[in-house]
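Student: predicted model and sequence below, questions to follow.
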Amino acid sequence: MKKAISVLVLWVMAFAALPQQEFPLNGQWQFRRTNSSDGWLPATVPGAVHTDLHSNGMIGNPYLGCNNMHLAWIDSTDWEYRKIFALPKTFSTTMDVELVFEGIDTYADVYLNGVKVLTADNMFRRWVVPCSKFLRKGQNELRVVFRSAVRMVDSIAGRGSYRLPGGEWAYVRKAAYHFGWDWGPRFVTCGIWKPVYFRVVPKVRVSNLSISTISVSNQKALMAIDFDIDGDTKAPMRLTVTDVHTDKIYLDTAMQFKSHEVGARFYIDNPKLWWPNGMGEQYLNRFRVQFFEDRKLIYDKVHDVGIRTVRLISEPDSSGQSFYFLVNGLPMFAKGANLIPPDFFVHSIADSVWVQKVDFAAQSNFNMLRVWGGGVYAPDAFMEECTRKGILVWHDFMFACSMYPYSSAFLANVKEEAVEQVKRLRKHTSLGLWCGNNEVDEGWHNWGWQKQLSEYTGAADSVWNGYVQLFHHLLPEVVKRYDSTRSYWPSSPMFGWGRAESTTHGDSHYWGVWWGREPFERYAQRIPRFMSEYGFQGAPSEETLRMFNDRNNLPDSAQLLCHQKHPVGYQTINEYMEREGLKPNDLLEWMDYSQLVQAQGYAHAIEAHRLASPYCMGTLYWQLNDCWPVVSWSGIDYAGMWKRVQHYVQNLYKPVIAGAHLEDTLVVVKAVSDSIKPIQASISARVFDINGNELNQLNRNLTLQPNVAVEVGTMPLANELVVRNDIYLKLTVSIDNETRIESVYYFTRSPHKDILGMGMVQRIREIKR
Ligand code: BMA
């Protein structure tokens, strides 16, 4: 007996030196309708009820054909999951053990051996439950009973005298797009969507450790290290930060266990800086952080950290209010797109898929991605790849297109979520901005929401005060307290696109093109200080179109309709296609032309935005990717195939570009560079007919200063030339005698087929004087 105890003591001591020990509960589970007499079916965790039903052959593939239209019954049903397991021998029921759910979607009661240990109500939070006293030596049962989120919405909303304007998703802390979006199906699913495990609670635990740059000046960087420490100890503690490459010690400090949140600062001499893609190297310092309790090592990790400062500069100026990012003291023209979750069923997205999106962004010469507020908070693997590839992340908090509840219980739930996510994400060098929400301020001021509330006395005031409380106090205060070096922006956009200020103040979402059916030319007339959304739909690749169909054929018209979620999506595409004089003969040609029209739209916009810098300092199109096979605004479809537009974007996001437009019969050529140093460029504009005869030319050598667009020159064309469909303008930018960019413009609608075949072509933008 004595021997057994001493072995146990030795084992516990050895174990205590480890940061923590985990017993995963992922993998095989069982599920059924709650309390039904249906037999238990096999389930997978992490997972979702839709994917489990599909794996069991109970429903068809939700992404195929029109299946997505017939699955609403799943959303209004309650489901329960269980796992029966025995603890491993290394786990004793006398240990201090916690049950951890990294993510539960969304309303669930959790029972451990019949005892309710948790009620969860937020998909974006992690749930930690002390559970030693409920564990048994032999068999254990963990049961998770979900309540239908759609019925929860009705019950919560039903308690008030009015419904909040916007969308039903506002009532639940669950990904908004699960309720259906104009690029996604509606599956209000449920499930344990992230890993679940037991872990032994160590005496002292260090977590949420981040190292960030406070300032860089005079060849010195001031760094902050922040972390949480939990537990209880009177022992002296010590924190060290060393350089893995040089062994240089940056910090070696004694600490007393005092508070839960701890911070320290240190300096680095002659730091090598991290830069966004295109501005310089993505240099990462390797800091080894060690934490000792007494002399026992309780934390030992290497953190790869880029030294850089990033600030959003949004200040009144002579034109209105600026909006640009200052990185290491230099203005950055932001080039990128908006990102949505890369699969509807987020549990199934491998890290490699998230990483692939970042790699596509970097290949397309992006320096920014915006994680849109109707999806989910980005995983660490995504943020790490953004750090490696120089992509700054504009991260929305998960609020979109609706007014939100403001009860103290709702706000307390959101506060927990915000603190957790900010502490998790702040360690990433790539994180550039926190934004409160997507289009909530715009909705309130422009979408008739106030009118909707007008029959309820005092409702509009209360709802707006709730908004202010959440987006102007609670969230910025969380950012200030836990991530003080990051900027916070309350709502994107600052003004809706119908307002004059949308082109003079802050960021803008311009949907006059597409939603407003305005011509692409309008992009150049409605230039904002920073364009954080605009876009146009294009069909996916043929390969992805075939994914609509259950036999890998081209889809029929019903299937096409089930994979278009915008109310007038096809009409809008066809209207613009007609305007461009493109007349497709079959589905594949329609697909091709839709991609051409989409690409033209983005090309017009990107040229207009970049050639207006420094007035405009960013362009993020809607949207980079898809979450299922669909016709949408994305540049890259669900299967990861690049639409035509993505190649145009890649070209137009190069450091130096030239662009042309037509003022009556005068070709006007402009150029811009976003390199951080002045660039010598040679720019030529040459007009040809399709037989290769040169009709006119303009050649200039010039020095381009960072982010200052200039007019390169003008070239008059004869009246009879600009009405010909068989001539084109080729713009070439050369740097150091090397051609860096080539663009081809044609002059009329319905261009000659040979010109359309030239690759990245677009119709020249026309201005009538
Ligand atoms: C933007 C987004 C999404 C939407 C898109 C296209 O404003 O924020 O809400 O999918 O428009 O309509």
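Tutor: Perfect, I can see it now. These numbers were taken from a predicted model, which means no experiment stands behind them.
Student: now do the nearest residue to Val201 once chain neighbours are set aside: how many residues are near it, please.
Tutor: Beyond its immediate neighbours in the sequence, the residue positioned closest to Val201 (C-beta to C-beta, 6 or more residues apart in numbering) is Asp96, lying 4.2 Å away. All C-beta atoms are positioned from the backbone trio N, CA, C, and that covers glycine. Residues near Asp96, counting by other C-beta atoms under 10 Å, number 12.
Student: for Asp96, give its distance to Pro195.
Tutor: From Asp96 over to Pro195 the distance is 20 Å, taken as C-beta to C-beta, to the nearest Å.
Student: next: Gly535.
Tutor: As for Gly535, its distance to Pro195 is 35 Å (criterion: C-beta to C-beta).
Student: what of Asp38?
Tutor: The separation that Asp38 has from Pro195, given C-beta to C-beta, amounts to 27 Å.
Student: of the two, who's got more company?
Tutor: More neighbours surround Pro195 than the other of Asp38 and Pro195, with 17 against 10 (other C-beta under 10 Å).
Student: okay, and the beta partners of the closest residue to the ligand within the stretch 201-350 of the chain?
Tutor: Of the stretch 201-350 of the chain, the residue with the smallest distance to the ligand, taken as C-beta to the nearest ligand atom, is Asn338 at 7.2 Å. Taking DSSP bridges as the rule, Asn338 bridges to Arg370.
Student: now do the contacts for it.
Tutor: The neighbours of Asn338, taking C-beta atoms under 8 Å, 6 or more residues apart in numbering as the test, are Leu369, Arg370, Trp372, Ser532, Glu533, Leu620, Tyr621, Trp622, Gln623, Leu624.
Student: go again using 10 Å as the cut-off
Tutor: The contact partners of Asn338, taken as C-beta atoms under 10 Å, 6 or more residues apart in numbering, are 368-373, 375, 394, 396, 438, 492, 509, 532-535, 620-625, 633-634.
Student: so for Ile214, what's the nearest residue that isn't a sequence neighbour?
Tutor: The nearest residue in space to Ile214 (C-beta to C-beta, 6+ apart) is Leu222, at 4.4 Å.
Student: tell me which helix or strand comes right after the helix or strand hosting that neighbour.
Tutor: Element membership of Leu222, judged by DSSP states H and E, is strand 220-231. Proceeding C-terminally, strand 220-231 gives way to strand 237-243 as the next helix or strand, assigned by DSSP H and E.
Student: quick one: mean pLDDT for that following strand?
Tutor: If you average the pLDDT over strand 237-243, you get 96.
Student: tell me what that strand is packed against?
Tutor: Other helices and strands packing on strand 237-243, by 3 or more C-beta pairs under 10 Å, 6 or more residues apart in numbering; DSSP states H and E, are strand 204-217, strand 220-231, strand 249-255, strand 261-269, strand 285-293, strand 296-305.
Student: neighbouring strands for the strand holding Leu222, and are they parallel or not?
Tutor: Take DSSP bridges as the rule and strand 220-231 pairs in its sheet with strand 204-217 (antiparallel), strand 261-269 (antiparallel).
Student: now do that strand: distance to the chain's middle.
Tutor: 26 Å (C-alpha atoms, centre = their mean, to the nearest Å).
Student: quick one: buried residues of that strand?
Tutor: Of the residues in strand 220-231, those with enough neighbours to count as buried (16 or more other C-beta atoms under 10 Å) are Ala221, Leu222, Met223, Ala224, Ile225, Asp226, Phe227, Ile229.
Student: these two touch, right, the last one and Glu261?
Tutor: Read that as Ile229. Yes: taking contacts as C-beta atoms under 10 Å, Ile229 lies within contact range of Glu261: 8.0 Å.
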